Each structure stands twice: as C-alpha cells, then as structure tokens.
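[1] Next come a sequence and a model predicted from it.
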Amino acid sequence: ALRLSYLRAGGHDPAILDQLLQLQVEATALEKGPAGLRGGRKTAVPAEPRGAAAPAPGLDAALLAVELENRRLEDELLALKIRRERRADAGSWVAQRQAEELAQLRAEVGMLRRQSEWPRLPSAILPPAVAPPLPP
C-alpha cells in the first residue's frame, strides 16, 4: 500500500522504490517466519510422505527473488503509466492553449481583412491638401 501510494503521488525515484521493495521483503519474511507463522497464527505444516525429496533450500529463495523482481517491474510499469498520463495531460493543456491562440489570431486576421475592405472616400470629397509654405 505504501509503494502504491508513493507511485500514485508521482514518485519514481529508483532508490526509494528499492527501499520500499526491501521493506516489503522483510515484511513478507516476518509474516511467513521460519516456524510457519502467518498473520500471528500458527498454521499446520503438512508432513511430507516418506521418501519424498525435500525442497531445495535455494528454491524458496529463488522463488522469492522472482516474486520481488515481478513486483519491482510492476511498480516500474505503474510509474511509467502515471508519467505517460501526466505527459498526455500536459500535452492536451498545451494543445488547448495553442488552439486558443490560433483562434485569437484568426479573429484578428478577419478583423484586418474587414478593415481593408471598407470603402475609401474619393479624393474629390477629401479636403484639399495644405501646400507647404513658399520660400521667401
């Protein structure tokens, strides 16, 4: 739960994820315990039939290592998904901002076109130009 809340909050630091994973390994080891303790209760360990081969001691460790690696990869995948969603949100915000600016520019271009199409007054209606003063 702690790891998931860290990832959902945007955390993606590999060192912290490794620490959280190590804490989870320790918690799992404490839950299972060497005497078969789980959740504070003793569980019955079935006796193996005679002649059955005992599981290799390294098998449990290898299985735990694979489980831990799977969890680490799941955490990494979740962190990547969260980053992709954030980038998509940021990208959509940028696209929306650019669309607003484009609409504003189009409105300005339309206004300038309308202004350029206004009828111009003929020169006969305009007042006569003032001549520059004559030199003495």
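    Arrived safely, thanks for sending. Since this is a predicted model, take the numbers as computed values, not measurements.

[2] residue nearest the centroid of this protein?
    Taking CA atoms, centre = their mean, the centroid of the chain lies closest to residue 83, which sits 1.9 Å from it.

[3] So the closest residue to it other than its chain neighbours, which state does it fall into?
    Of all residues not flanking residue 83 in the chain, residue 12 sits nearest, at 6.7 Å (CB to CB, 6 or more residues apart in numbering). (C-beta placed from N, C-alpha, C; glycine too.) Judged by DSSP: H, G, I helix; E, B strand; the rest coil, the three-state class of residue 12 is coil.

[4] Run through the neighbouring helices and strands of the host helix or strand of residue 115.
    Taking DSSP states H and E as the criterion, residue 115 maps to helix 57-116. The contact analysis (3 or more CB pairs under 8 Å, 6 or more residues apart in numbering; DSSP states H and E) places helix 57-116 against helix 2-8, helix 14-32.

[5] what residue ranges in this structure are flagged as low confidence?
    Counting by pLDDT under 70, the chain shows low-confidence ranges at 33-58, 119-129.

[6] again, only using 50
    36-52 (pLDDT under 50).

[7] list the contacts for residue 85?
    Counting by CB atoms under 8 Å, 6 or more residues apart in numbering, residue 85 touches no other residue.

[8] And it, how close does it get to residue 20?
    21 Å (CB to CB, to the nearest Å).

[9] how distant is stretch 6-24 from the center of its chain?
    Distance, stretch centre to chain centre, for stretch 6-24: 15 Å (CA atoms, centre = their mean, to the nearest Å).

[10] Go through that stretch and flag the buried ones.
    6, 7, 17, 20, 21, 24 (16 or more other CB atoms under 10 Å).
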